[in-house]
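Asker: Requesting a structural model of the entry that follows:
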Amino acid sequence: MGTSGGPGSRRVGRPRAAGRPDSGLEPRAELLAAAAELFTTRGYAATTTRAVAERAGMRQASMYHYVSGKEELLAELLESTVTPSLAYARELLADDAIPAEDRLWALCRADVELLCGGPHNLGGLYLLPEVRAERFAGFHAVRAELKDAYRQLLAATAAGGALAKSELDLRTDLLFGLIEGVILVHRSDPERPVSVFAEATADAALRIAGV
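Answerer: From the prediction side, this is the model:
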């Protein structure tokens, strides 16, 4: 989203770092983009709030007008890796006119595209020890709901419907683990087209599902 440059469209509210070009993003979005870059390149623990603010082109004091600190930024970045997939999963669960196998494949593909399509390896943030803290309960709740959507779609397939509960749980764990683990495979060859990778992963996921 650009700016027109006219006096009526100029944003106010915080000074920008000297020499930093205006990205056109809103301040909170700038902070999230800066945090995504720094958390995945320098590491979460090694990144200071001052570094995030400077990378976003604002003073540290101004940053606190938009976020409470690093934990809020990390929580929002984590949730951004699952909430779009969960919204899509809910649509797929409601559309029983489409075979469950096709819906499960579509969810796998979309989820992989979300995890691998961004400029930063946000999936790698899942492994941070800090993420186990209560502050990130919202992320864990959304992730658990997404995993349950996978389970429901798997159970609705002909192969999944024939499984005992323990076997269904195991297949769900394996399938969901494959989807979340793709970021490591994608990182080994980042030039591979994401759409091709996503479709191949969805095919593999259905084989795990027994379809």
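Asker: What is the burial count for the nearest residue in space to Glu71 that is not next to it in sequence?
Answerer: Leaving aside its sequence neighbours, Glu71 sits nearest to Arg135 (C-beta to C-beta, 6 or more residues apart in numbering; 5.2 Å). No exception for glycine: its C-beta is placed from N, CA and C like everyone else's. By other C-beta atoms under 10 Å, the residues close to Arg135 number 13.
Asker: Double-check Arg135 against Gly69; I have them as touching.
Answerer: No - between Arg135 and Gly69 there is no contact under C-beta atoms under 8 Å: 10.3 Å.
Asker: From Gly24, how far out is the residue nearest to the spatial centre of the chain?
Answerer: The chain has Thr81 as the residue nearest its centroid, 1.2 Å off, counting by C-alpha atoms, centre = their mean. Distance of Thr81 to Gly24, given as C-beta to C-beta, to the nearest Å: 24 Å.
Asker: With Tyr126 instead?
Answerer: Tyr126 is 30 Å from Gly24, where distance means C-beta to C-beta.
Asker: out of the two, which sits in the more crowded spot?
Answerer: Higher neighbour count among Tyr126 and Gly24: Tyr126, with 14 against 11, using other C-beta under 10 Å.
Asker: any idea of the pLDDT on the more buried one?
Answerer: Tyr126 carries a pLDDT value of 89.
Asker: Would you confirm that it contacts Glu180?
Answerer: Yes - Tyr126 sits in contact with Glu180 when judged by C-beta under 8 Å, with a separation of 7.0 Å.
Asker: Could you list the domains of the chain?
Answerer: Recorded structural domains for the chain (assignment: automatic domain parsing) are 27-69, 81-209.
Asker: Relative to Ala75, which of the ones you listed is closest?
Answerer: Of all those, domain 81-209 sits nearest to Ala75, with 5.6 Å by C-beta to C-beta.
Asker: Many thanks, have a good one.
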